[in-house]
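Visitor: Mind folding the following:
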Amino acid sequence: MADYPDHLSEGIAELSRLLVNEEALDDTLQRVADLACRNVGGADVAGVTLLRDGRPITAVFTDRTSPEIDAAQYETGSGPCLDAFRHQRVFRIDSTADDDRWREFSHAAAEHGMRSTISLPLGVRGNGIGALNLYSRQPAAFSDEAEHDGMLFATQASVALANAQLYDSAYRMTQQLQEALISRAVIDQAKGMLMQEYGIG
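Guide: This is a model prediction of the structure:
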């Protein structure tokens with residue numbers, strides 16, 4: 001495993017131990033959010049933005065304020081979480097009271113007592129899968145070191161989430177195939193009964 005700062009090693013190690021076949025996708029996502037909140041300096045609240053049915057949502061969060069704040073950017077289509085997802089870059093707000101880049105989002109964050117934020121891209125091989133969003137009740141809570149640590153964490157989290165999504169997709173497909181096979185067997189039985197009853201081919 002790569003060398004990580006001592007204060008981050010435990011969280012990264014826990015991410016690498018996630019077994020995708022032991023829990024549902026949303027449970028894996030929740031573990032990622034919880035670990036991020038504990039391991040990235042300055043973070044008080046965490047949430048994960050994903051696309052579901054073509055629309056961005058806060059799939060999991062450590063505090064109810066996260067989806068309430070994020071709703072402002074989902075409604076306007078403009079915000080650091082969405083930009084982190086779209087452009088696979090880190091976006092940091094040191095003061096939500098003074099930010100002019102994403103006014104609606106920053107206003108919503110400040111209204112909920114969040115004074116600074118950082119949005120980290122989640123992606124594998126250049127393909128975006130979401131964004132990890134961290135919020136702090138303190139202004140300028142996310143230092144350059146915290147940003148660096150956050151990206152190390154997000155990179156490892158991206159692998160865990162990509163694996164979990166692949167497993168979830170394969171599992172759902174298997175379930176659909178099994179249902180289709182069961183339906184086919186029932187149809188074949190019904191056809192057999194009709195053929196026998198009415199003497200048809």
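Visitor: which residues in the protein form helices?
Guide: 6-16, 25-39, 65-76, 80-87, 103-111, 144-198 (DSSP state H).
Visitor: Now the weakest link among the ones you listed, please, by mean pLDDT.
Guide: If you rank the helices of the chain by mean pLDDT, helix 6-16 sits at the bottom with a mean of 63.
Visitor: how near is P67 to Q73?
Guide: With distances taken as C-beta to C-beta, to the nearest Å, P67 is found 11 Å from Q73. The C-beta positions use only the backbone N, C-alpha and C, and glycine is treated the same way.
Visitor: Which of these two has more residues huddled nearby?
Guide: A side-by-side neighbour count of P67 and Q73, using other C-beta atoms under 10 Å, places Q73 first with 25 against 16.
Visitor: surely the more buried one meets H107?
Guide: No - counting by C-beta atoms under 8 Å, H107 is not a contact partner of Q73; they are 10.9 Å apart.
Visitor: Stretch 53-70: end-to-end distance?
Guide: Stretch 53-70 has its terminal residues 17 Å apart, counting by C-alpha to C-alpha, to the nearest Å.
Visitor: what's in contact with that stretch?
Guide: 26, 29-30, 32-34, 37, 44-52, 73-74, 79, 81-82, 85, 105, 108-109, 112-114, 130, 133, 135 (C-beta atoms under 8 Å, 6 or more residues apart in numbering).
Visitor: Quickly list what S136 is bridged to.
Guide: S136 has the following beta-bridge partners by DSSP bridges: S116.
Visitor: OK, contacts around it?
Guide: Contact partners of S136, counting by C-beta under 8 Å, 6+ apart, are G42, A43, D44, V45, M114, R115, S116, T117, F142.
Visitor: ok, so what distance separates A162 from P139?
Guide: 34 Å.
Visitor: and what of L50?
Guide: L50 is 28 Å from P139, where distance means C-beta to C-beta.
Visitor: Can you report how many residues neighbour Q88?
Guide: 16.
Visitor: That one - nearest residue in space that isn't next to it in sequence?
Guide: Nearest non-adjacent residue to Q88, counting by C-beta to C-beta, 6 or more residues apart in numbering: P121, 4.3 Å away.
Visitor: That neighbour contacts F85, doesn't it?
Guide: Yes - between P121 and F85 there is a contact at 6.6 Å, judged by C-beta under 8 Å.
Visitor: Enumerate every residue touching L51.
Guide: Shown in contact with L51 (C-beta under 8 Å, 6+ apart): I57, F85, G130.
Visitor: And it, how far from Y135?
Guide: 21 Å.
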